[in-house]
Every structure is written in C-alpha cells, then in structure tokens.
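# I need the structure of the sequence given here:
(chains A and B)
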Protein chains: 2
Amino acid sequence: MAGDGSDQRALQYEQTLMYGRYTQELGVYAKEEAARLRESGQRRSRTLDLLEYDKGRCAKCRRSGYPYVLEAPAQDFISVCTVRCQKFLISRVGEDWIFLILLGLVMALVSWVVDFCIAICLQAQKWMYGGLDSNLFLQYLAWVTYPVVLITFSAGFTQILAPQAVGSGIPEMKTILRGVVLKEYLTFKTFVAKVIGLTCALGSGMPLGKEGPFVHIASLCAALLSKFMSVFGGIYEKESGLVGIKDYSLLGTKNESRNIEMLAAACAVGVGCCFAAPIGGVLFSIEVTSTFFAVRNYWRGFFAATFSAFIFRVLAVWNRDEETITALFKTRFRLDFPFDLQELPAFAVIGIASGFGGALFVYLNRLIVQFIRKQKTINKFLMKKRLLYPALVTLLVSTLTFPPGFGQFMAGKLSQGESLVTLLDNRTWAKQGIAEEFDYIGNAQAWKHPQVNVFVTLVLFIVMKFWMSALATTIPVPCGAFMPVFVIGAAFGRLVGECMAAWFPDGIHSDESIYPIVPGGYAVVGAAALSGAVTHTVSTAVIVFELTGQISHILPVMIAVILANAVAQSLQPSLYDSIIRIKKLPYLPELGWGHHEKYNIRVEDIMVRDVRYITLNCCYRDLHSVLMLGHLKTLALVESAESMILLGSIERAQLQSLLSQQLSRSRRMEYIRERAAAEKKCLSDVSNSDSEDGRQRASQEVRFQISTEESTVSPTRPASQKPLKPALKRPSVMERPTKLPTSPQDHSGIALKSLFCSSPDVEALEDDGDVEDDMTLREIAEWEERQLDEQVDFNNCKIDPAPFQLVERTSLHKTHTIFSLLGLDHAYVTSIGRLIGVVSLKELRKAIEGSVTVKGVKVRPPLASFRDSGTSSSETEATELHKLWDRHRNVSLPEEQPTSESDEKSQ
Amino acid sequence: MAGDGSDQRALQYEQTLMYGRYTQELGVYAKEEAARLRESGQRRSRTLDLLEYDKGRCAKCRRSGYPYVLEAPAQDFISVCTVRCQKFLISRVGEDWIFLILLGLVMALVSWVVDFCIAICLQAQKWMYGGLDSNLFLQYLAWVTYPVVLITFSAGFTQILAPQAVGSGIPEMKTILRGVVLKEYLTFKTFVAKVIGLTCALGSGMPLGKEGPFVHIASLCAALLSKFMSVFGGIYEKESGLVGIKDYSLLGTKNESRNIEMLAAACAVGVGCCFAAPIGGVLFSIEVTSTFFAVRNYWRGFFAATFSAFIFRVLAVWNRDEETITALFKTRFRLDFPFDLQELPAFAVIGIASGFGGALFVYLNRLIVQFIRKQKTINKFLMKKRLLYPALVTLLVSTLTFPPGFGQFMAGKLSQGESLVTLLDNRTWAKQGIAEEFDYIGNAQAWKHPQVNVFVTLVLFIVMKFWMSALATTIPVPCGAFMPVFVIGAAFGRLVGECMAAWFPDGIHSDESIYPIVPGGYAVVGAAALSGAVTHTVSTAVIVFELTGQISHILPVMIAVILANAVAQSLQPSLYDSIIRIKKLPYLPELGWGHHEKYNIRVEDIMVRDVRYITLNCCYRDLHSVLMLGHLKTLALVESAESMILLGSIERAQLQSLLSQQLSRSRRMEYIRERAAAEKKCLSDVSNSDSEDGRQRASQEVRFQISTEESTVSPTRPASQKPLKPALKRPSVMERPTKLPTSPQDHSGIALKSLFCSSPDVEALEDDGDVEDDMTLREIAEWEERQLDEQVDFNNCKIDPAPFQLVERTSLHKTHTIFSLLGLDHAYVTSIGRLIGVVSLKELRKAIEGSVTVKGVKVRPPLASFRDSGTSSSETEATELHKLWDRHRNVSLPEEQPTSESDEKSQ
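Have a look, this model is predicted:
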C-alpha cells in the first residue's frame, strides 16, 4: 500500500529551490499522461506489427490481448509511411547511430547558438557600459539594470512557461535515470523555457553556469528526438509490441531501458558539447547521474559526446573564431618541465583546502535556501512577488561588481570566461619581468590595481564570488553552479601559485636550469579540485585537461582532486544530492560505507505489512474500491485472501481499463439490445417460456446476491463500517463511467478523471440527449450495480507474472543494492510464496536515512531502532490511508448503499 | 542439478592457450580450498567477535551457530594482537585508504623493478650483439640464442611453478570479477611465476606486452595483501562474522563484495602503474573487466591508480632517469595548430582500417591456436616437448628480426619502446629538411635504409609485426598483446601520416601561415585506434593521452577509436573474449544488440527441471546420496517432496559438516559411553527394567525401520533401482567418516575427500589402533547405518532464506541482466512458491550462444528453437547425471544394501 502512493506524494515536491510552497498535483497529471502515452505507444506498436505482418512475424499479432479497431487516419498514415519505414528498417544497424548523431548535432548547434547569444548579450552590456563613461550614475544604472532585466525576464519566462526548467537539472536527471518518472521534465515547453531562460540568465553576466542546464537540455533533446523519430519509423517504440507481458521495472521492457540508456548518453552529450570535453563529459555524467553503470552503454555516450564536441568546435572554426579545432580555454604551459616534484605539497594543500571550500559552498547554498524558507514573512512576501527575489539578488551582485565601485578590487569587469582565461594564463603576476614569448592579453590588466596588491584582488575575488555564486544559484532561473565554482577554484589555485612564485622567484628546482613556477598550473589544479569537491566527482580532472588542452599537470590535478573529494565527501553531500534533499526528489540515497548495522536490518523490519492486493476471484466492485484507495502504479494479484499466494502484479491502468470496459456505454447498449430482443421474444412466446424465464431470473438474482456478499467481505476493507450516504448523489455519480468513449485507449484517462476529479452534472445532462439509450438514470445505476458485482475476468489483462520478490530476511544492504541495480520502485515480500508485505523506495529511504547521517558517525543499536522505525512507518502509513479513505468516502461514490437498494429491488 | 555442477566442469578448462589438453581437477581442489578458507575465515571472525566483546557487541557472538572451541595458540595470538587491533580499529576510517596506498606502492615498485630488469636484459642483448660485430654468424647466434633461452626459461618456470600464470590474465580477471572463483589464480606461487616469467619474456625482446599480465599481477597483489592485512587486524575478514546468514551471491556478504571491489581497483592499478596512466587505467580496466560498474567504487580505482602511477614516475625521477614527473612516451607536437580540419578524413580512414586490422588480429590469434590444437600430430608432439613450441616461435621471430638480415628492412634492432618513441617523433621522415628545434634521436635512423624507401620499411614492419605478435602471444608465457598492437597501430598511423606529408608537403591549410602535417600525430591516432579495436575499448584514447602527455589530438583520436570499435565489434569478439572462449572460461557472454527474439525466450524454455533438492524432513542418508550425486555449491531446501515449496538454499559445505558431525568419532564415542553406562545400569538393576528396556529398544528399532522406509522413497532417486553390492566393501567404506578429526573446521575438507577421492584401506587400519574404541567394524557399520537413518536436524545449519528466484515467465533478457548485475551463479525458478527448476550460468550461456553469433546475423524462429535446445540441454544433463550416478555406484558406497542388512539385523 505504501509502494507507489509514496511516489505520488514525493512528486508533489517543491519545484523551485526558492519558493518552497510551490506545489501542484503533478503526480496525478503525470500518471494520466503516462497512461495515455503508454496506450498510444501500444497503439503505435500495434500499427507497426501490422506493418511487419507481411514479413512473416504474425506471431506477434496473435499476442495482442484485447480487441482493437484501427481508425481510418491511422491506416492512411501507415500506407504513407510504409516506404519510409522500410527504408528505416533496412538501415536498422545504424539506428542508434542515427539517433546519437542527430542528438549530438542538435546539441552542438544549441550549445553554439546559446554561447553566441550569451556573447552578444555580454558584449551589449560592455558596449552600453563603455558608451556611458561620461556619467558615472548612468553607467551604474546601465551596468545594474541590464542584468536585472535579463534575470527577471528569465525568471518570469521560466515561471510562466515551465517551472520545471528552473535550476540545474542534474538532480532531476539523476532521479529520472534512477527510474522515477518525472514526466513534465522532458517536454518541449521545458526545453524552450530552459534554453531561453538559460541564455538570458547567462547573458546577464551573473556568476551562473551553463553545464548543469545543458545536461537537462540534452536529455530534453533526446526525449523529444526520440518522440520525433518514433513518428517516422516507430523504431523507437517498436519493442513494446514484441513483449507479450509488460513488466514495468527498468529492465522489463527494452523500450524503457533503451530510453534510460539514451538519456544517459544525452547527459554525456550535455557536458560534452558544453565544454567540448567528450571524455570528461561521459565520465562526469556517469559519476553525477548513475549508481551502477552498464559498460555496454559506454560507447553511446562517447560516440554522441565526441560527435557533439566535434561539431561544436567545428562551428567555431567555420565562424572564423578559431583557426582549427582546439580546446576552449587553451593553456600554453611549457611541456618539458611542467612542475617540480617539490611543488606537490602545495598542490596537496590546494586539494585539501578545496575540499573544505567545496563542502562550505554546498552548506552555504543549502543554508540560504533554508533561511529564506524558514522566515515566514520573507517567504510570504516573496511568494507574492515572485520576481522580486531574482531582481534583488541580481541588483546586489551587480552593484558589488560595478567596475568603478567595489568591482575594481575584484576584477569586476571581466566576464566568467574572461576571468578564467586570465587565471589560466601562464605568466606570473606577482613578479613580472620574465621573458614572455606570447602576445599580451589585455584582460589580465583587470587584476592589477594601482593601489592594491594582486593578492588582495585575488582574495577579494574568491571571497566575494564564493557567496555570490552560492546566492546566485538559488535564483529560480535555469542555471548551474559548475562554472562559477570552477572559476573560484581557478582563482584560489592562482592565489596559491602566485604565493609560491613570490616565495620561490627562481623556482624550486636545484639543478643548473631555472624552471620558474607556473601559477597557471596551480589555477588548473585549483579549478579541478574545487569543482570536484562541490560535485563529488573525480572526472573534473579530465574535464580540466580537455578544457585546457594540456594534460601535463595530470598527477597534481589527480592528487588534488582526490584529496578534495576525500575531504568534501566526509563533510557534506554533493551539491546535487543536497538539491535532491532540498527538493525532496524521490531518490534513493547511497548506503554509507562501513555501516555494519545495515547487515542486521532485514526487509521484515522495514516492510509495510498492509499490502493492497486484488484476488483472482474478486468482483469489479473490489477493483473499484482498490482503485479508489490510492495511487499505486501496480497492484499485487494474489490467489485468494486466505492463501495470499502471489500470482503477479497488474498495472493500475490495466485495471482501470478493465473497469471502464465493464461499465462502458457499448456494453450497456448491448445489454439494452439484448433486453429488447429478450422482450420481443418474450412477447412472441409468453406462454411457454414464462415460468422458465422467471426461474432463470430468480437464479440470476440469487447469484447477484451472493456476489454482493462476496464483495462485502472484500479483503481490502470491511464494508460494514462504511456510513450510508444520501441517495441523491448516487445516480449522477454512478453513471459517469457510462460516459466513457468506446475506443479503449482513452478509457483509462477518463476513468481516472471520473474517479478522482469529475464534474458529474454536466456529463449527466449530456448523456440524456442520446437516442438509443432509453434507460432511466435509475435503470442505469441498477445495471451498473449488477455489472460491478460480476467477477473480474483477468483474461484480457496484462499481468506481470514476475514482479520483484524478496523474502523477509533479505538484508537491507542486499535490498538497497537490488533496488539501485535494477532501478526498482517497489518489491513484494513473500514468505513461501505468500505475499506478506511490500517494500517501496520510500521505506528503504527512511530506513537508510534513519541510520546514515551525513557524516556517517551516527550509530544506533542494531535491530531495535529499526524495528521501531519500521513499525511506526507502517502505522503512519495506515493512518494516512485511513485519512485518504475517509476523504474519498466523503467526496465520491458510496458503493454499498446502492447495492442494498438494488438488492431490495431485485428481491 | 545443473546449477553448479556445470561450473566444476567449466573450471576444468584448458589452462594454456597452446596446450589445449592440459586439464586438471582444479574445480574440486578449488572448492575444498574455498571451503577451508571460508571455515578459517569464520574462525578468524569469531576471534574478532571475542575481541569486540568488551565493546558491547555481544549480540554477534550469540549468533555463532555450532559449538566451537578456541585453541590455546589462537588465544595467545589474540592477547598479542589486541593492542594492534585496537589501533587498527581506531584508524578504521582510513582502512580502505591504507590498503589502496599499500597496493599502489607495491605495484609501483613491482612495475619499476620489472621495467628495470627488462631494460637490463635488453641492454645485455644489445651489448652482446654489438660486441660480436666481427663475426656475423656469432652475432646471429647471440641475437637468436638469448631470446630463445629467456623465453624457454620463462615458459618452463611458469609451467612448473604455476601454469595459471600463463597468458594475459585479463580474461581470467574478467571471469573472477564476474563472481566465479578461480582460486588458484590468486596465489603467491602464481604471483612469483607471473612476475619472473613476465620479466624474462619481455626481456627477450619478443613482441609481447606488459599490460595484461600487470592487471593480473595487481590483482594477485591485492589478494595477497588482503590476506596479509587480515593477519594483522582481521579487518578484511570481519564482516563475515556479523552476517548471521551467509548468502553466497556477490551481494550477500560484504566481505566477498569488498574483495571484488578491491580486485576491480587492483585491475585499475595494474594498468595505471604499467603506463603511468591513472585515468586511462581506471577506464580501461572498467571497460575490459566489468559489465556493470558501481560508481561508488570509482574513487578506489582512481585513488590507487593515481598513487601507483605517481610512485612509479617518482621512482624514475629518483633514479635520475627523468628530471621531473612526465609522461612515459612524451610527445612534443605543436600546441597552437595540432591538426587541420581537413585532415580529419585521413584520421577516419585510420580508424576504419584499424577496426578491420584489429578484427583480423583477433581472428589470426584464434586461428593459430585452433590450428595447432586441431593438428593431432603437431599437438601430440608439442604436448610431449612443452618447451619446444616457445623455442621454435622465438627462433623464427628473432631470426626474422636479425638486424643484418631481414631485420634491416623493418627496424629490427629497435626494441618495442624504442620503436614507439621513434614512431611518435614529431618530425617528418618522408621529406626531411624542415627546421627542427628538438635534439636528434638516434634511433630514428633505424627506419631509414639506404636502398629502401621509408614507406616500404613501415609496411614491412607492420605486416611482419602483425603476424609475429599474433603468434608470439600464443606462447605459454605470461604476456599481453596490448603493447605490440599499440606499436603496430602507431606504425600504421605513421605510415598514413607520412603519406599525407608526402602528398601535402606544405600542409593542407590554405591560409598564409604554413602548418606542415605532423606524422607523429597520426601515429598517436593509429596506436589508440588499433589497440582500441583489438580490446574493444574506447579508453585507449585516454591511455594514449596519458602516455604521450599531450591531449591536443583528442578529437581525431576519439573519432578514430570510435570508428575502429564500431568496425571491430561488428566483426569479431574482443581479444579477451576470444581467449575466454578458447579457454572455455565460465563467463556469461553479452546479449547482442537488437536481438528481439530474446524477448520471446522465457526462463521456462531454458531451465533445468530436474532440480536436486533436500527436504526439511529428510534423513542423513538422503543428504549423503544428494552429496554423492554432484558438485553443486548450494542445494535447494524444500518443504517436502510433494509441496516442493522452496524454503531456502544450503551450502554444500554446511551439509557435509552436518553429515560428518553425525557420523563423527566423538558421537560414536558418546554412543559407546552411553551404551556402557546403559549396560552397567542394566547389570545393576536387571530385574525391574529388563522388560521396559526391551520395549524401548523395540520401539527404537521400529522407528529406524520407518525412517529407512522414508529414505527408500527418497525424492532424489528411487532406491529400488540400485543394484546390490558385495558386502565386503561396505565396512571400510562406511567407517571412513568416523576417522574425521573432531574440530569442525576440518570436517568438510576431509568429508569431501572421503566422499570422492579416498583411499579407505589405510584409514581403516589406522582406526584399529584406537584404545577406547572397542566396537568391531560390523558394529560401527551398524551404528553408522542407524545414524544415517536419523532425521536431519537443520537447526545448526546456516540456511540462506533468500536464494535468488525467478518465475518461469521471466524473459531471457531480464534473466541475463539480473545474472550479470548481481553476479549470480544460479537462480531457482519457482511457480507460486513451488520450486520447479533451476537456471545456472551454463544454461543461460547456452541459450545466448545458441542464438547470438559473433556477427549477430543469425536469426532463428523465436520460441521453437529454444524449446528444443532447452529440453535437449536438460536431457544431456540428465544422462550426464546418470553417468555420474553409475560411476559413483561402482566406485563407492552402496547405501541401500547396508540398509537392508541393518534392517534384517534390527528386525
């Protein structure tokens, strides 16, 4: 019972970091959407089956369960598409390639266009600022207004079009790749909002990043592309038709697992085309989004990311920005002696300090969000004026960076990219005068201040940018934190490097040849270390090599990154995990290391014992009541309430379509026709068959009575406790299902609506206008009551015969591993074949979070505490269920009362 | 029944590539060894439990199942170790770190020492060759004899000490990381054999590689280090004591999964310290050895490999080989314009050609092995003179590379490292004369021949080295193929590069500045592409960057590697998979892409229905007969033969210890004592209790009879079909279990021996010398018969209550994914809780290989073929079982005959 219901609640999380109260019934919508898509997917696959019929694969068609009528437009569509499809099928060897190449191409174009627009925006700001140099106030106004307008527009645009586009997107992608459906996150609207919002946000010059959003954009792109491709050959939806039984774990349908694989590749593309770093992109996306990675998917990521990075850089060449394909932030450190062995302690210090800094950044970011959420007055005010917070933050940040003002002490006039280029410069700032063979870069002047030392400038830059970045990433616009952190890290490394250069003006090396210290190398190390610490990844090292085009500092970088990770991981979760917690996304936390008590917790300690199930011999009324009770995605099917032997699981949508088919208008029409025929027959030969008919009728009535009794002892909920409801409401409520259209793929969606959010009166009125339907409302209600008392025929229902099972003694560790390996949502707990409980992600999350604190020091007595938490969780579960039950009872149909009425009538 | 028995047979694979007939009963030994180690591990963990007793963790101790007596030396050991242990426990945060640092350190030292020795060997050869330049024949003799002696020594040494050390080791590591125990592969003997064998083999100058063996050496090192560490604090064995129930899937015990994780990290260290390529090492080892990779283990690999690479390079600095830490094969390509966009087609050509070349290499390698195996006469001859084949191959190769002979046309005098350095040189050979700022490297002269063009030299080099490498890697010495392939790839790239340079003498770029083509860059691309094609990995790209210290060619390298992989993967398996097939290692092949028929195969089509099981109420005789029947690692425990409800699985060793305890000498002594006491009592009060005693005795006899009947209708095998055996043999056979020592940890091993490979007569004679034992052989036999008829008490037995279960309709795809994700060995198939079959790796392998051919083009009718193969496989299984059964009946104890005899007596 807790299994999927938890999802629905978890899905109603706060959508923006900032506005903690922004909730909506996303879960319900998502599920309707999913059901609809699934149905249409089946339809498409069936279409394809027909296409392949002539290829001798008719076996598949025989598998199609329930009757299905092909509409005329669909048939037209088939005939048009056949040639195209066959072409596609011929080239099926390359189908993945085509998809990945298209994805890479599109993303490279998007990345390039976004970069181009951002560059124009930044240039415009500079031009405005430069043009108004006569008047300082006007200059300030221009400097400040420009970003405020852009950020406000970005926040407003995103808020209106798709609030899901807010933020980095990596936490959401992590959740989606875990197997949880966050449907709204992969729509075209979100794509548009994210791209435009991101461009405006970054064009403002605020310390925001492009990388996280690009992961999201690439995933959006992959999802949309996959839809687009399926319109052409249907290849990307085909497999679902081949699978006779659908099992909705990640592994079950190839289609779903393929989608996940494609999304994983898309994440790699996102990073790859953002930094022109294919290898680092693949590794970073794996580290950030996956728990277990299938090595066989490796090549997809590499292929797509390489192609994307290639196109991205080729565009720069064609645009005459570059002469040939090179790194984005190319460094020119000397090759023959990149660093001395004795400099390694300094690199290690950078690593350790970056670790602390990274943890502090994550903490600060969370602190800001939580502070604003807690302060009721601030929160209320900001909820009303949603665009005020972004504007205020932008105003503050841009005021502080105003170049003639405080900005002069922190290189305020440089954009992020410019600062990074200057920080990675291979000349020494502290002690100029050493021969330089490279041309002078003008931007480096910004770091020099006539009165103030370059060290002070750097320290101010680091400190100011640190809190500014932590603050800016809480703005509800599409933005990442990677690049700001990267720049801060580079500045910190540069600071250490300049200190070293000042300390050892002629280098450390004791031999005859003088190798001066290269502060730029320290900047590279610092950038990798700090960004690694914030994201808890090692692959920032690779990104840094690909970004700079030099790998000579590999060992210092690796050492610093590993040390930074070691420190940061022991202090704070990664930024993305922190956001997952803040947003309460349904993600399974990692098991901590060395938590031995995990071995003493068994599934029986955490499972929910009050499982909701349906029996093989239940009637439609039971189905109805079970469907009313919650939002479980799948329901367990057991042999009987006594034996409780688990036979399989059925999807909610399947049950809904079963129910709505049973109560469908077409069946009622059939009944009317039959009744009319029977009446005719009855009239023609009244005399001889009257007594027989009466007997038959009586027996039917008896049968109904029996089945009613059956439903009264329904296993899910004792019916006797339900209060009687005013009979007035009944007819309108009961006839709603009769309004359902006849085409099966639309049933479930409307059934859902009719069950949960209907407006009955209008539909009841419409229903009366029908010609053939001569039944009165009362008659319809009676008919429906009879229908509900019939036994469910599961023959046309797709049952997953192999839902995931655990036994009660399975350890928490094993459960966790299985859940994260297989991307499970829930698993049934059986004892000798008998269903005794269910464990969902929620219980598992509770059990893990109960014992594993962030610092991993909390140790509880092994079993007792978990027995407590386990039972208490199931208790709250039960009470929540009761609440839900009561609510539903108040709102909608009382089932038992009509039954008793119809019984009275039939008797 | 097929479950684990298949392993045992699979383990008897050919151990050397060359001598296909070399088999031994490795499986049996491995299992005994595993049982012994497990027992001693439990003992150690119990010791630790006692140590932790004062920490309030007494709950664990109560879990220890069977009685156990701590020996005196162990207690001494405890008191000595307590202080040390506590120190270890205090620093437990860093326990993994310590291990990884030690591993990295040791491996770096090993790698450096091996490199140093190889360098000395190669220098010695050059010195000898150079010193004898007066006489061409003597020179030839020296040139040829030296490698022949070294290789022969290496082959002989390896063959004698540890034949497991032969070959690359990556296929074996892949299998071990999959969860299969290849115990002999991780011993100290193998370590010594591999290190010394490898040094000699590479010192000979043959085209062999160091990388594969280093993966194996690092794993060996990790395994030995883990043993060593466990002697000091026992930390690495501790968890097993914490787990009340042992489940032997990969996930079950943390200890085992930790070992696997450490081995995975070790593989990364192996590559990392071999090439000083930490990132590439981690990625390569993941790609080569894993199917699914847990991202949380990522840092271990990175940490250990970085540390190892660091130490490895620091050693070079300390040895004054290098001034500072740099790449192994440093290149000095220009940074500002590494390559032109228009050169990309050439790079793509290199990639595609390398793909074909890689596939050809794998094919050629396999062809050579299979050719020699097939030719009976050659094979027989070589089997007798095992060292002849290595000597002959070496003679052939070194004759052809003799510098004054044919070697002059293929740079024969250069060692592998030297050729690689010259190939990566950034000058152009074809058209010399462009200004060079770097110092001249003398070795490049070897490529120039006065009469012959450099293109001819390169082509000859490529062609000759190609088949030489494919041939040389079949020699039974420790050797890899990565480095030879890498060099060939570099030569091929160089060839293309030189052609390009000759074609475009002034570069392709049309602008004012002239950027000549750098053939060295092509060599880098070629090396990465060909090695990537042979190993089916993308991470050779990263290795190449780390090896050369330059990342400027990232896009060409990535494009070429991906193209090479695409081509090679569609033609041939990877070299390692090819060796796995040749050696018939128990590895699960990958599911091919786009094989839709996989979705139509269900577990019921491939499972073995004749499962061997034990029932809850079985007697020891049943246990005995089940244990006699096969080598299953675990046995299913069902409720009863009628209900077949699966309760769990029990390890073989557990059952063996149960059985040997039941028949143990101590219990017999107890019986004797009891009998003596009863007789005394009987003598003291004969009169009053005589009748009662008689009654009691009679009832006991009746009980025995009943239980005998139970065993006669034993579910595993109908007893009535068994032939009667001569009674002579019986006593000696039956008393063997009485000879077992009393300490429980030794039982299983000897019980195994007594069951399968005993020499009864000696033991029987020894037994007679005992003082207390006054029972005659006949009495002992009677007593044992009675013991065997008792019902098994499973209370002290560790039962895994959650063996992995599937249902009959689980698809092959899902089964495959679950097996490879969870590293399963077998899974039970249940239907509504009833055990109906078992699927092991073997069945899965058959099912997959039945449909997936190498080229992925074979398509069969979806279900029929698998129904066939499924049933036929279970049939052969059954007949094999019959054979086994017959053999055992002939060789060892006939159980039913004694039963009937004892029945007669008791009646």
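# so what's the closest residue to chain B within chain A closest to, chain neighbours aside?
Closest contact between chain A and chain B, by Cβ to the nearest Cβ, is at residue A:833 (1.9 Å). Backbone N, C-alpha and C define where each C-beta goes, glycine included. Leaving out its chain neighbours, the residue that sits closest to residue A:833 by Cβ to Cβ, 6 or more residues apart in numbering or on different chains is residue B:833, at 1.9 Å.
# next, count neighbours for the one you found.
By other Cβ atoms under 10 Å in any protein chain shown, 22 other residues sit near residue B:833.
# where's residue A:111, which helix or strand?
Assessed by DSSP states H and E, residue A:111 sits inside helix A:95-131.
# state the mean pLDDT of that helix.
Across helix A:95-131, the average pLDDT comes to 88.
# check stretch A:623-640 too.
In the prediction, stretch A:623-640 has an average pLDDT of 79.
# report the buried residues of that stretch.
A:623-639 (16 or more other Cβ atoms under 10 Å in any protein chain shown).
# residue A:166 touches residue A:474, doesn't it?
No: contact status for residue A:166 versus residue A:474: not in contact, 10.3 Å apart, counting by Cβ atoms under 8 Å.
# quick one, which of these two is more surrounded?
Between residue A:166 and residue A:474, counting by other Cβ under 10 Å, residue A:166 is the more crowded of the two (27 against 23).
# report the separation between the more buried one and residue A:534.
19 Å (Cβ to Cβ, to the nearest Å).
# ok, residue A:123 next?
As for residue A:123, its distance to residue A:534 is 29 Å (criterion: Cβ to Cβ).
# what helix or strand is residue A:298 on?
helix A:298-318.
# ignore what I typed, I meant residue A:493.
Assigned by DSSP H and E, residue A:493 falls in helix A:482-503.
# what pLDDT, on average, does the helix or strand following that helix get?
Per DSSP H and E, the first helix or strand lying C-terminal to helix A:482-503 is helix A:519-535. For helix A:519-535, mean pLDDT is 93.
# report all helices and strands that helix A:519-535 contacts.
Applying 3 or more Cβ pairs under 8 Å, 6 or more residues apart in numbering or on different chains; DSSP states H and E, we find helix A:519-535 packed against helix A:278-289, helix A:344-374, helix A:416-423, helix A:482-503, helix A:540-548, helix A:554-571, helix A:575-583.
# other residues contacting the fifth one?
Outside of helix A:540-548, the residues that reach it under the criterion Cβ atoms under 8 Å, 6 or more residues apart in numbering or on different chains are A:271, A:275-281, A:283-284, A:327-331, A:424, A:486, A:524, A:527-529, A:531-532, A:551, A:554, A:557-558, A:561, B:279, B:542, B:545, B:551, B:554.
# quick one: buried residues of it?
Under 16+ other Cβ under 10 Å, the buried positions of helix A:540-548 are A:540, A:541, A:542, A:543, A:544, A:545, A:546, A:547, A:548.
# ok, now how distant is the first one from residue B:634?
This points to residue A:540. Taking Cβ to Cβ, one finds residue A:540 at 44 Å from residue B:634.
# related to what we said a few turns ago, filter the buried residues of stretch A:623-640 down to the ones in strands?
A:634, A:635, A:636, A:637, A:638 (DSSP state E).
# poorly predicted segments of the stretch 51-200 of chain A, please.
Within the stretch 51-200 of chain A, the segments meeting pLDDT under 70 span A:51-95.
# now do 80
A:51-97, A:133, A:178-184 (pLDDT under 80).
# so where do the helices sit in it?
Ranges of helices in the stretch 51-200 of chain A, per DSSP state H, counting those that start in this stretch, are A:58-63, A:72-90, A:95-131, A:136-161, A:170-177, A:188-203.
# returning to that earlier point: name the residues of the helix holding residue A:298 that are buried.
A:298-316.
# and for stretch A:457-471?
Result for stretch A:457-471 [16+ other Cβ under 10 Å]: buried residues A:457-462, A:464-466, A:468-471.
# got it, and stretch A:602-619?
Within stretch A:602-619, the residues that count as buried by 16+ other Cβ under 10 Å are A:602-609, A:611-615, A:618-619.
# contact partners for residue A:115?
Contacts of residue A:115 (Cβ under 8 Å, 6+ apart): none.
# residue B:794 versus that one, what's the distance?
Taken as Cβ to Cβ, the span from residue A:115 to residue B:794 is 69 Å.
# ok, and the closest non-adjacent residue to residue A:481?
Sequence neighbours aside, residue A:473 is the residue nearest to residue A:481 in space, at 4.5 Å (criterion: Cβ to Cβ, 6+ apart).
# residues contacting that neighbour?
Applying Cβ under 8 Å, 6+ apart to residue A:473 gives the contacts A:168, A:208, A:209, A:365, A:479, A:480, A:481, A:484.
# do that again at 7 Å, thanks
Counting by Cβ atoms under 7 Å, 6 or more residues apart in numbering or on different chains, residue A:473 makes contact with A:208, A:365, A:479, A:481.
# and it, how far from residue A:214?
15 Å.
# and what of residue A:508?
Taking Cβ to Cβ as the measure, residue A:508 falls 40 Å from residue A:214.
# pLDDT below threshold where in the stretch 801-907 of chain A?
A:801-805, A:807-814, A:816-825, A:830-833, A:842, A:845-907.
# how about the residues of it near chain B?
Residues of the stretch 801-907 of chain A that fall close to chain B, judged by Cβ under 7 Å from any Cβ of the partner chain: A:801-802, A:805-807, A:809-810, A:813-814, A:817, A:821-822, A:832-833, A:862.
# how about a cut-off of 6 Å?
Applying Cβ under 6 Å from any Cβ of the partner chain, we find that the stretch 801-907 of chain A lies next to chain B at A:801, A:802, A:807, A:809, A:810, A:814, A:817, A:821, A:832, A:833.
# mind listing which of these are in strands?
residue A:807.
# put together CSV for the residues of the stretch 801-907 of chain A next to chain B, with distance to residue A:261 on each row.
CSV is the format used below for these (distance: Cβ to Cβ, whole Å):
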residue, distance to residue A:261
A:801, 25
A:802, 22
A:807, 31
A:809, 34
A:810, 28
A:814, 25
A:817, 20
A:821, 15
A:832, 37
A:833, 34
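# any regions of the stretch 301-450 of chain A where pLDDT drops low?
A:320-326, A:334-338, A:375-386, A:426-450.
# what about residue A:508 and residue A:214, which has more around it?
residue A:214 (33 against 16).
# against which helices or strands is the helix or strand that one falls within packed?
Residue A:214 is located in helix A:211-232, with elements delineated by DSSP H and E. When contacts are defined as 3 or more Cβ pairs under 6 Å, 6 or more residues apart in numbering or on different chains; DSSP states H and E, helix A:211-232 packs onto helix A:95-131, helix A:170-177, helix A:188-203, helix A:254-275.
# Validate this expectation: residue A:477 resides in a helix.
No: the assignment for residue A:477, made by DSSP: H, G, I helix; E, B strand; the rest coil, is coil rather than a helix.
# picking up where we left off before, out of the buried residues of helix A:540-548, flag the one nearest to residue A:267.
Comparing the buried residues of helix A:540-548 against residue A:267 with Cβ to Cβ places residue A:543 closest, at 13.8 Å.
# coming back round to it: and the helix holding residue A:493, what does it pack against?
Checking 3+ Cβ pairs under 6 Å, 6+ apart, helix A:482-503 ends up next to helix A:344-374, helix A:416-423, helix A:454-472, helix A:519-535.
# so which elements touch the second one?
Packed against helix A:416-423 by the contact rule (3+ Cβ pairs under 6 Å, 6+ apart) you find helix A:482-503.
# kindly report the same for the longest one.
Secondary-structure packing of helix A:344-374 (3+ Cβ pairs under 6 Å, 6+ apart): helix A:454-472, helix A:482-503, helix A:519-535, helix A:554-571, helix A:575-583.
# hmm, back to that, among the buried residues of helix A:540-548, which two are most distant?
Longest span within the buried residues of helix A:540-548, Cβ to Cβ: A:540 and A:548, 12.1 Å.
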